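1. pasting a predicted model and its sequence here:
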Amino acid sequence: MDQQRADKQLQILTNSPLIGFIETDPQGNILDANSTFASILGYNGRQECLGKNILDKYKDPDDRSRLLSLLRTTGS
């Protein structure tokens with residue numbers, strides 16, 4: 001798949017009202033999210049959640065460490 005097509009597919013996914021999308025840095029700071037994900041977390045819009053830390057939303061913060069470890073191991 002070429003880069004332009006991949007970018008378009010990502011844009012469709014991130015703008016979908018059916019899919020919650022989030023991008024964080026390794027420390028858990030929210031860099032980007034769509035309005036669906038913001039709503040799932042209880043924010044009033046995507047701008048409100050930008051810069052917040054996703055770890056504040058985890059019931060068990062160790063879940064994030066396990067997720068990152070899995071992503072590093074599997075690459076996806």
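-> Yes, it's here. These figures come from a predicted structure and were not determined experimentally.
2. tell me which element Thr73 falls in.
-> Using DSSP states H and E, Thr73 maps to helix 62-74.
3. buried residues, that helix. List them.
-> Buried residues in helix 62-74, counted by 16 or more other C-beta atoms under 10 Å: Arg64. C-beta: built from backbone N, CA, C; applies to glycine.
4. roughly how far out does it sit from the chain middle?
-> Averaging C-alpha positions (C-alpha atoms, centre = their mean, to the nearest Å) puts helix 62-74 14 Å from its chain's average.
5. for the record, mean pLDDT for it?
-> In this model, helix 62-74 has a mean pLDDT of 89.
6. then stretch 28-46?
-> Mean pLDDT, stretch 28-46: 92.
7. and the contacts of that stretch?
-> With contact meaning C-beta atoms under 8 Å, 6 or more residues apart in numbering, stretch 28-46 is reached by 14-25, 48-55, 57, 64.
8. got the confidence number for the residue nearest to Thr14 when sequence neighbours are not counted?
-> Spatial nearest neighbour of Thr14, excluding adjacent residues (C-beta to C-beta, 6 or more residues apart in numbering): Phe21 at 4.5 Å. On pLDDT, Phe21 comes in at 88.
9. now list the buried members of the contacts of stretch 28-46.
-> Buried among the contacts of stretch 28-46 by 16+ other C-beta under 10 Å: 14, 20-22, 24, 49, 52, 54, 57, 64.
10. which ones among those residues map onto strands?
-> Taking DSSP state E as the definition of strands, these contribute 22, 24.
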